[in-house]
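Engineer: predicted model and sequence below, questions to follow.
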Amino acid sequence: MCALVALLAPAGEDGQGGKWYSIVPPLSAIFLAFLTRNVLLSLGLAVVAGCMLTVVPQGPLSAAAWFDGLATAVVIVWGALANKSHLLILGFIPPIFVMIEVIMASGGFRGIIVWLLKWVKGSKSAQFATALMGILCFIDDYCNAIIVGSMMQPITDKFRVSREKLAFIVDATSAPVTGLAVISTWIAYEVGLFTSVGADLGIGKGGYSMFFDALQFRFYCVLMLVFVFINVLTGLDFGAMKKAQMLEEAEEKSRTAGFDIELSGVQSGRAINAIIPLGGLILFHITGLWVDGEGPAKLREGGSLFSWVHWKEVIGGNEDSNSTLILLMAALFGLGLSLICGLATRLLRGGVVLGCLWRGVKRAAIPSCILILAWSLKDCCTALETGGFLTEILAGRISPHWFPAILFLVASLTSFATGTSWGTMAILIPTAIPIAFALDGDTYGLTTMISLGAVLDGAIFGDHCSPISDTTIISSTASSCNLIQHVRTQLPYSLLVAGLALCFAYLPSAFGLAPGWSLALAVFVMACIFFVLTRRRRIRTNR
C-alpha cells in the first residue's frame, strides 16, 4: 500500500500536502493492530514511527537524527498529556468507572432487574425485559454486558430463550446504546477525538457540538435497536439463530437450576441506588451545558426547551473547555450520589468502597492510555501533513457522495479485524475526517458530519461482530453462551442491519435526503423484510 501511495503521489514537489511516507503512521497502526490484536502496542509503535519520520528523513545516516526522533516521541506524548482540555477529559473517566462499581456493589442494577421481573410472564416479555435493561444500563458497555447477561440468564432460561438469543440481545444493546448516550464512558473519548480534529481543521465548534451533529447520522446503532425490538415483538428468527431457538424449545426439561433470584429476598430500595446517581448525573450534566451555553438567554429570546434546534444552539455555544469541565463535574456529582445512596442503605462499607475505587481506576487505565496515544498519533499526522497528502491524492478520485459509505465499510472492516472500536476511532478520525472536510470544499458541511457518524457506527458494527472483540467475548461469557455460537448466530442479524444502514441511510443522506427520512426509509425496508418472513412462516404453518 505504501508503494501504491508513493506511485500516486504528485510528481516533483509534494504540493500543499506532506510527503508520501506521511501515511506510514496511521497505516502501520492498522497493520500492527491486525497482527498483534493489541491496540496499545500498535498505537505506541505508530507514534514512534511518526515521530521518527518527522526528523530522520532529513538525515538518515545521522545518529543524532534518530535520537531526536525518540525525543520528539516523548515530547509529543507529553504534550498530549499536558493539554488542559485533554486533562479534563481524562479526569472524567476514572470517576465514572468508580461510580459504576459503587452502583453494582450497592445492588442498584439488581434492584432495577428485580422490578422488571414482576412484568415477565413469557418468552417475549423476558426478551423485552432484557432489551429494556440493556437500554437502561446506558452508562458503560462492559457494565451493560456483565450485569444484563448474568442477571437475565436464569430468567431467559426459565422461559426457554436460547443462550444465543440472550447473548445477541445483550451484545446489541451494549455498545450501540453506550455509543449513542450523551453521558457514558464513551462520550469523553469521542468528544476528545472530535475536539482535536476540529481544532486542527479550524471548524470552530467544540467536540460536544460535533458529537450532536453526528448523532443524527448514527444509523447503524439506531437501526440495531429497532431491529432488536421488532425481532422480539414478532418472535421471528432466521438463520443460525432460528436453529438455536428450535433446539432450545425442543429440550424436554427447562434449565431452571440457576433461577435463584427471589423477589422477597431482595430489598426493593436497592433500585434507588442506581436511579438517583444516574438521574443526578444526567440532570447535572444537561443543566450545566444549558446554563453554560446561554440557555436562559436563548429561552428569553423565544426558544423552547422542547426544541431540538434550541438544544443544538445551546450545545454548540459551549466552549470545549467548559463542556469537558461540566462533564467532569457531573461525573464527580454522580459518584458522590452513588456513595451517599450506598452508605444510606447500609450496603456499602469502607472496605467495599476501597475495592470499588481500585476496580474503577484499574478499568479506566486502558481507555486513558488509548486516548493519550490517539492524541499523540493525531499530532504526528499533523506534523507530517498526512491529511493534506491524502486529500491531494483522493480529492479528484472520489466523490463526496460515496465517501461516507466507503468510510463506514473501512471502519467496519478495521474494527472487525482488530476487535476494537476505540482503536478504530483513534486511527480513522484524525486521518479520514480531514479528507471529508476537504471534499466539502474546506467547510464543515454534510459530508464531514456524515463521515463523523460513519466512523463511529462502522467501529461499533465491526466490534459488535468480531470474535476477538472484548464486548463480544464478555457478552457470550456473561450469558453462558459459546463464543463461536454467539458470533455465528448474531452475524446474519448484524450484517442485515449494516446493509440497511449502508444502502438505505448513509447513501441517501450523502445524496441530500434528510437523515430523518433516510432512517425512516431503512426502518420501512426492515419492516417489509419482517413482514415477508412472517407471511412465509404462516404459509408453511398452514401447510
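Structural biologist: Thanks, I have the structure now. Everything numeric here is computed off the predicted structure, so don't read it as measured data. Numbers count the residues shown, from 1 in each chain.
Engineer: spatially central, which residue of the chain would that be?
Structural biologist: By Cα atoms, centre = their mean, the chain has its centre lying nearest to G179, at 3.6 Å.
Engineer: so what's the gap between the host helix or strand of it and the chain middle?
Structural biologist: Element membership for G179 (DSSP states H and E) is helix 175-180. Offset of helix 175-180 from its chain centre (Cα atoms, centre = their mean, to the nearest Å): 5 Å.
Engineer: restrict it to CA atoms and write it as PDB.
Structural biologist: The C-alpha trace of helix 175-180 is given here as PDB (Å, rounded to 0.1, in the frame of the first residue of the first chain):
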ATOM      1  CA  ALA A 175     -22.000  -0.700  22.600                       C
ATOM      2  CA  PRO A 176     -24.900   0.700  20.400                       C
ATOM      3  CA  VAL A 177     -26.600   2.200  23.400                       C
ATOM      4  CA  THR A 178     -23.400   3.400  25.100                       C
ATOM      5  CA  GLY A 179     -22.200   4.900  21.800                       C
ATOM      6  CA  LEU A 180     -25.400   6.900  21.400                       C
END
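Engineer: for it, packing partners?
Structural biologist: If you count contacts as 3 or more Cβ pairs under 8 Å, 6 or more residues apart in numbering; DSSP states H and E, helix 175-180 packs onto helix 141-158, helix 219-234, helix 446-465. Just so you know, the C-beta spots here come from the backbone N, C-alpha and C atoms, and that holds for glycine as well.
Engineer: quick check: which of those helices is buried the most?
Structural biologist: Highest mean neighbour count among the helices and strands packed on helix 175-180 (mean count of other Cβ atoms under 10 Å): helix 446-465, with a mean of 28.
Engineer: which one is F238 nearest to, not counting chain neighbours?
Structural biologist: L533 (6.3 Å; Cβ to Cβ, 6 or more residues apart in numbering).
Engineer: secondary structure class of the one you found, three-state.
Structural biologist: helix (DSSP: H, G, I helix; E, B strand; the rest coil).
Engineer: I'd say it and D237 touch.
Structural biologist: No: counting by Cβ atoms under 8 Å, L533 stays clear of D237, with 9.3 Å between them.
Engineer: how about C369, what does it touch?
Structural biologist: L40 (Cβ atoms under 8 Å, 6 or more residues apart in numbering).
Engineer: just the element for it, please.
Structural biologist: Going by DSSP H and E, C369 is part of helix 350-384.
Engineer: what angle do that helix and helix 141-158 make?
Structural biologist: Relative orientation of helix 350-384 versus helix 141-158 (axes from the mean of the first three to the mean of the last three Cα atoms, to 10 degrees): 120 degrees.
Engineer: got the buried residues for helix 350-384?
Structural biologist: 353, 356-357, 359-361, 363-364, 367-368, 370-384 (16 or more other Cβ atoms under 10 Å).
Engineer: same check on stretch 478-485?
Structural biologist: 478-481, 485.
Engineer: which ones among those map onto helices?
Structural biologist: 478, 485 (DSSP state H).
Engineer: just the closest of the buried residues of stretch 478-485 to P94, please.
Structural biologist: A478 (23.4 Å; Cβ to Cβ).
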